[in-house]
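> model this:
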Amino acid sequence: MKYIDILERQLGRKATKAEIEAFTVMWSEHCGYSHTKGYIRQLPRVGFGGNAGIVSLDDYHFIAFKVESHNHPSAIEPFNGAATGVGGIIRDILAMGARPTAILDSLHMDKITEGIIDGISDYGNSIGVPTVGGELRISDYYKYNPLVNVMAVGVGRNEHLIPSTAQKPGQVIVIFGGATGRDGIHGASFASEDLTGEKATKLSIQVGDPFAEKMLIEAFLEMVEEGLVEGAQDLGAGGVLSATSELVAKANLGAIVHLDRMPLREPDMNPVEILISESQERMAVVTSAEKENRVIEIARRHLLFADIVVEVTETGRYVAKYNDETVIDVPAKLLEESPEERTYGYRPVEMPKFNWIKFKNVDAHEVFERYDYMVGTDTVVRPGYGPAVMRVKSSGGYSLVIHSRADLGLQEPYWAAYITLLECVRKTLSVGARPLAVTDGINYADPDVQPEGLAAQMKGLKDACEFANVPVASGNASLYNTYKGNGIPPTLVIGMIGKLENLNVPRPRKSAIYAIGFKDFKLEREKLLWNEIERIAKAGYFVVSMHDFSTMSTLKQELQKTGLDMKVKSPKCEPVHQLIMVFGDVDTKLPKELIGYCN
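Have a look, this model is predicted:
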């Protein structure tokens, strides 16, 4: 165990074998964020720090959203790795009291990996949540370490917003969902090491059941409607241990955990295996004693297992038992207080002259046409045109985009992060939306070998958010994306939510096509460009904001499906530029060049 000396110093004694197993999970990079939490504290933030980020949509609704990675599992077992990545992030949204309404994915691979695409489509399609957008980046830089980042979004009523904590002694925690098996044991610690590490086996990969997930979604939302849920956590990385210790530690409370009450798929599992298993489709619900039977009744009516597994106490201690024998007895807060690694200061330098590093030009229809992007009937703009736009019945709508610039990250991580955020703002404005907040997916190689690059990336995100006045609502960190010591480029994935007052989203039409803006980049011009994008979109013109205009295969194919034929001469520009493409002859004070036609 990496931090064994610190653990035993905190305990004041030698740690037991069971404690070492537990803290190996809870103090792993995946659960504990040792290398990144110092940087995360410096970000401009919004929301109240639960399972997912929260922003207000209107007087009656909130949006819950978050991006999560399943990089290591997808490298070892592409189908289940990607599928359970979808399932896990869906439950994070659900735990806030929101119905999941949309999925986006950011995929970086050396080729289109069938197992990954099939895993995402099989799970998302089966649970009835549309996959409405994403990005596909094909490059040899991801040959051994594919990146599978999935963003999920949900909408809930304000009165249904659920905290991610217990509140008082005497409450109980009901765990319900699928049965517990050995799949995913030490998945969190596996995701915190090089892909050639000792835990890199299929035994560390979770196995998903999307039909159980669909039942879990409906059961949980029924519990929320009836006012039975007083707190909730998804059972993801770290399983029972992580979910239940988080629920009590945040409130300075304790817990008695009865592991013998957990339903098992494999009857010979030992207590520690039950405690840290990462079997999927399970949730922990905090409720009061007078409500517990109704919670269990609803779960079982949806063909799910359920039992009262935890009693919330005032002791501050986390006590896990099996048939009245104590497995571990430690301070609950200690499980949540992983050691914090040093943060590095970074002083930004002038933006360098970037070189073009091209990703393969692929038509993303090969991927997203396997996804059901219309289920739920709230998808306003289908994939292929840019940002997704979703309807909220009886309200307006919201936009979604997920974006990265690993080509820049390879050259200068600070400006790569900064430009990624700015380009997300442009994309959001292009559909007539106002940016609300972002979720960040920090994908990095080895922070012990190259700590400065991580510092630069996080500083770039912070400075860009402050420049744009767009806060961070949630996020995820995936470090040690290495194979035999060789790592990925710094790849910051940003998901942005925007608000639309109405759904009169500009659509492409037969017209001349113009490039408007500047072929290079100067920061002092950026807000001028934003104002122009906002004005042009509100005037009803279709705006395309992209970083590489030579890769328009997906847009061209999408236009052809609607009977339009786009013929353009791609504008020549720098890898970082301030150009947009506009369908129609619009008046503008910015430089303007006719580049083609849409017939």
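
> distance check, the nearest residue to Ile54 once chain neighbours are set aside against Pro163.
If the residues on either side of it in the chain are set aside, Ile54 comes closest to Gly47, at 4.3 Å by Cβ to Cβ, 6 or more residues apart in numbering. Quick note: C-beta positions are derived from backbone N, CA and C, even for glycine. Remark: distance between Gly47 and Pro163 (Cβ to Cβ, to the nearest Å) = 12 Å.

> please apply the same query to Gly184.
Note on Gly184: its distance to Pro163, by Cβ to Cβ, is 26 Å.

> could you check which of those two has the larger neighbour count?
Gly184 (26 against 21; other Cβ atoms under 10 Å).

> could you pull up the residues touching the closest residue to that one other than its chain neighbours?
Nearest non-adjacent residue to Gly184, counting by Cβ to Cβ, 6+ apart: Glu278, 2.8 Å away. By Cβ atoms under 8 Å, 6 or more residues apart in numbering, the residues touching Glu278 are Asp183, Gly184, Ile185, Gly187, Ala188, Gln206, Leu235, Gly236, Ala237, Gly238, Gly239.

> returning to that earlier point: make sure the residue nearest to Ile54 is indeed in a helix.
No - counting by DSSP: H, G, I helix; E, B strand; the rest coil, Gly47 is not found in a helix; it is coil.

> neighbours of it, how many?
So Gly47, with other Cβ under 10 Å, has 21 neighbours.

> I'd say it and Ile63 touch.
No - the criterion here is Cβ atoms under 8 Å, and Gly47 misses it with Ile63 at 10.2 Å.

> how about stretch 131-145: buried residues?
Going by neighbour count (16 or more other Cβ atoms under 10 Å), the buried part of stretch 131-145 is 131-139, 141-142, 144-145.

> compute the first-to-last residue distance for that stretch.
Start-to-end span of stretch 131-145 (Cα to Cα, to the nearest Å) is 23 Å.

> so what sits against both of Gly47 and Ile63?
Ile54, Val55.

> quick one: average confidence on the helix or strand that contains Val67?
Taking DSSP states H and E as the definition, Val67 sits inside strand 61-69. Strand 61-69 shows an average pLDDT of 96 in the prediction.

> what packs against the helix or strand that comes right after that strand?
Note on strand 61-69: by DSSP H and E, the next helix or strand toward the C-terminus is helix 71-76. Secondary-structure packing of helix 71-76 (3 or more Cβ pairs under 8 Å, 6 or more residues apart in numbering; DSSP states H and E): helix 78-94, helix 114-127, strand 147-157, helix 187-190.

> alpha carbons of helix 71-76, as CSV, please.
Extracted as CSV, the C-alpha positions of helix 71-76 are listed here (Å, rounded to 0.1, in the frame of the first residue of the first chain):
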residue,chain,number,x,y,z
ASN,A,71,-10.2,4.5,-19.3
HIS,A,72,-8.4,1.6,-17.6
PRO,A,73,-11.3,-0.8,-17.7
SER,A,74,-12.0,-0.1,-21.4
ALA,A,75,-8.4,-0.8,-22.2
ILE,A,76,-8.6,-4.3,-20.7
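
> contacting residues for Gln578?
Residues in contact with Gln578 (Cβ under 8 Å, 6+ apart) are Gly517, Phe518, Asp520, Phe521, Lys522, Arg525, Glu526, Leu529.
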